[in-house]
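Trainee: Provided below are the primary sequence and the corresponding predicted coordinates.
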Amino acid sequence: MNKIKAVIFDRDGVIVDSEPINLDSAIKAFKQQGIEITDQEKKIIIGTHPVDYQKVFEQKYDGFDFIKYRQYKVEIYLHGLRKAELFQETLDLIKELEQKNITMALVTSSLRDSTLEVVKRAGLDNIFQTIITFEDCDERKPAPDCYLLAAERLNINPQECLVFEDSGVGVQAAKKAGMTCYATPNPITADQDFSLADKIIKDKAGLSIELLESLL
């Protein structure tokens, strides 16, 4: 394994505990249109931006109004996101990496404005050398585009990047990009497929600089 020159963090479920809010806002937005989504459909939503599952629901449910759905979902989601708990273990690791002058990036399928709000609330301003958001790529996770763009902007070989992801689609994206990927599942994503991950960290208490010392 190559020595790691950059560490890349996903946002939702890694830095901020927003996966439950994402799912809850989707359930409520579907219910507003009289749709009770199944457990299987919930799995489609987790870790995925609405535009990437739009066609699935439009084809399945006659009369499904995606624009109305997304507007209502965003309203609920953003309200919850502003109060969502930050994962202190991740923040501590980021600060330790900063002290060691390790290059870092943030890669998310979420919108830039809400991402910058999270970054500011977490006290991570000016720490990430680049931030990749929904607006930057036409294809999102599980496509590798967002991670490849991050490596390009950092001017670092993808094989020299380590990614922290909480979802199966995120792990797929990182591995397709040729990066090392550590999975940090949460209760919402715990039953997803993490077989491609180089390491699975079941408890964020395990996030520490010691975890990475052999790679850096």
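Mentor: Now that the structure is in, tell me what you want to look at.
Trainee: Let me see the mean pLDDT of stretch 85-94.
Mentor: Here stretch 85-94 scores 97 as its mean pLDDT.
Trainee: contacts for it?
Mentor: Residues from elsewhere that reach stretch 85-94, judged by C-beta atoms under 8 Å, 6 or more residues apart in numbering: 9, 14-17, 104, 118, 121-124, 127, 164, 204-205, 207-209. Any C-beta I mention is one placed from the backbone N, CA and C, and that applies to glycine too.
Trainee: And those, which of them are buried?
Mentor: Neighbour counting over the contacts of stretch 85-94 (16 or more other C-beta atoms under 10 Å) leaves 9, 14-17, 104, 118, 122, 124, 127, 164, 204, 207 as the buried ones.
Trainee: In TSV: these, plus secondary structure and distance to residue 42.
Mentor: Output for the buried ones among the contacts of stretch 85-94, formatted as TSV (DSSP: H, G, I helix; E, B strand; the rest coil; distance: C-beta to C-beta, whole Å):
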residue	secondary structure	distance to residue 42
9	strand	24
14	coil	20
15	coil	22
16	strand	20
17	coil	17
104	strand	31
118	helix	23
122	coil	27
124	coil	30
127	coil	33
164	strand	23
204	helix	23
207	coil	26
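Trainee: Out of those, which is nearest to residue 197?
Mentor: When those are ranked by distance to residue 197 (C-beta to C-beta), residue 164 comes first, at 10.2 Å.
Trainee: Which strand residues bridge that closest one?
Mentor: Per DSSP bridges, the residues bridged to residue 164 are residue 9, residue 182.
Trainee: What is the longest helix along the chain packed up against?
Mentor: For the chain, the longest helix by residue count, based on DSSP state H, is helix 66-81. On a contact count with 3 or more C-beta pairs under 8 Å, 6 or more residues apart in numbering; DSSP states H and E, helix 66-81 meets helix 19-32, helix 54-60, helix 112-121.
Trainee: if we go to 7 Å?
Mentor: helix 19-32 (3 or more C-beta pairs under 7 Å, 6 or more residues apart in numbering; DSSP states H and E).
Trainee: domain parsing for the chain?
Mentor: 6-17+84-212, 19-81 (automatic domain parsing).
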